[in-house]
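Novice: Build me a model from this:
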Amino acid sequence: MTIKDFIKSESFKKIMYTIGVLLILFIIFQMGIFIGYREAAFSINWDRAHYENARDPRSIFAPFGRDADDMNPHGAIGEIISVHLPQIMVQEQSGNEAIVLISSTTSIRSMRDQASTSALTIGEQIVTIGTPDEQGQIHATLIRIMPPQNARGQYRSTDIRNK
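Specialist: Next up is the predicted model:
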């Protein structure tokens, strides 16, 4: 059997198919490792930047330290507590604070309408989605300003219809 005959054979096709499937599985596995590494690096850097002093028993902030395991490195949902453009600080319901960086490519929306950075004021409820960096900050891709909620945490239908 010559090499040309072997390349045209059914065995060669099966070998190439198996190698292709294994290569695709390897690429998917490597992507999972890469994404997991980025999330772990974000969590560690955020922890160092924000909680190092709170965990020191001699610190004046020691009573306020909490576990940062519930952090979401790709977004934040909560109330704006500080606006110093191009960055805003969001306090989530869990008490965690996230620094969100705004760029010229960030889409800011209020319901269905496009909004500007002037709509981002202290006390506004927002949902933001973005990409984490090494300092534990979120580079916002999308910021959505949410309508006010009633005492039960439900959105008021009149505010939603008027927007």
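
Novice: who are the neighbours in contact with the closest residue to Met146 other than its chain neighbours?
Specialist: Leaving aside its chain neighbours, Met146 sits nearest to Gln125 (4.2 Å; criterion: C-beta to C-beta, 6 or more residues apart in numbering). Quick note: C-beta positions are derived from backbone N, CA and C, even for glycine. Neighbour list for Gln125: Gly78, Glu79, Ile80, Ile145, Met146, Pro148, Gln149 [criterion: C-beta atoms under 8 Å, 6 or more residues apart in numbering].

Novice: Now that we have those residues, which of them are buried?
Specialist: Among the contacts of Gln125, the ones that count as buried by 16 or more other C-beta atoms under 10 Å are Gly78, Ile80, Ile145, Met146.

Novice: ok, those residues vs Thr121, which is closest?
Specialist: Thr121 lies nearest to Ile80 out of the buried ones among the contacts of Gln125, by C-beta to C-beta, at 6.7 Å.

Novice: quick one: contacts for the closest one?
Specialist: Ile80 touches Ile88, Met89, Val90, Leu120, Thr121, Ile122, Gly123, Glu124, Gln125, Ile126, counting by C-beta under 8 Å, 6+ apart.

Novice: Okay, the last one and Gly32: tell me how far apart.
Specialist: Spelled out, it's Ile126. Noted for Ile126: a distance of 30 Å to Gly32, by C-beta to C-beta, to the nearest Å.

Novice: Comparing these two, which shows the higher neighbour count?
Specialist: Ile126 (22 against 10; other C-beta atoms under 10 Å).

Novice: Now the residue nearest the centre of the chain, what are its backbone angles?
Specialist: Compute the mean C-alpha point of the chain, and by C-alpha atoms, centre = their mean the closest residue is His74, 0.4 Å away. Phi and psi for His74, reported as degrees, to the nearest 10, are phi -100, psi 10.

Novice: my guess is it meets Gln137, correct?
Specialist: No. The pair His74 / Gln137 is not scored as a contact, 11.9 Å apart, by C-beta atoms under 8 Å.

Novice: Distance from the chain centre to the longest helix that the chain contains, please.
Specialist: For the chain, the longest helix by residue count, based on DSSP state H, is helix 10-55. Per C-alpha atoms, centre = their mean, to the nearest Å, the displacement of helix 10-55 from the mean C-alpha position of its chain is 17 Å.

Novice: So for it, mean pLDDT?
Specialist: For helix 10-55, mean pLDDT is 85.

Novice: now do stretch 95-108
Specialist: 90.

Novice: buried ones in that stretch?
Specialist: Neighbour counts over stretch 95-108 (16+ other C-beta under 10 Å) mark Asn96, Ala98, Ile99, Val100, Leu101, Ile102, Thr106, Ile108 as buried.
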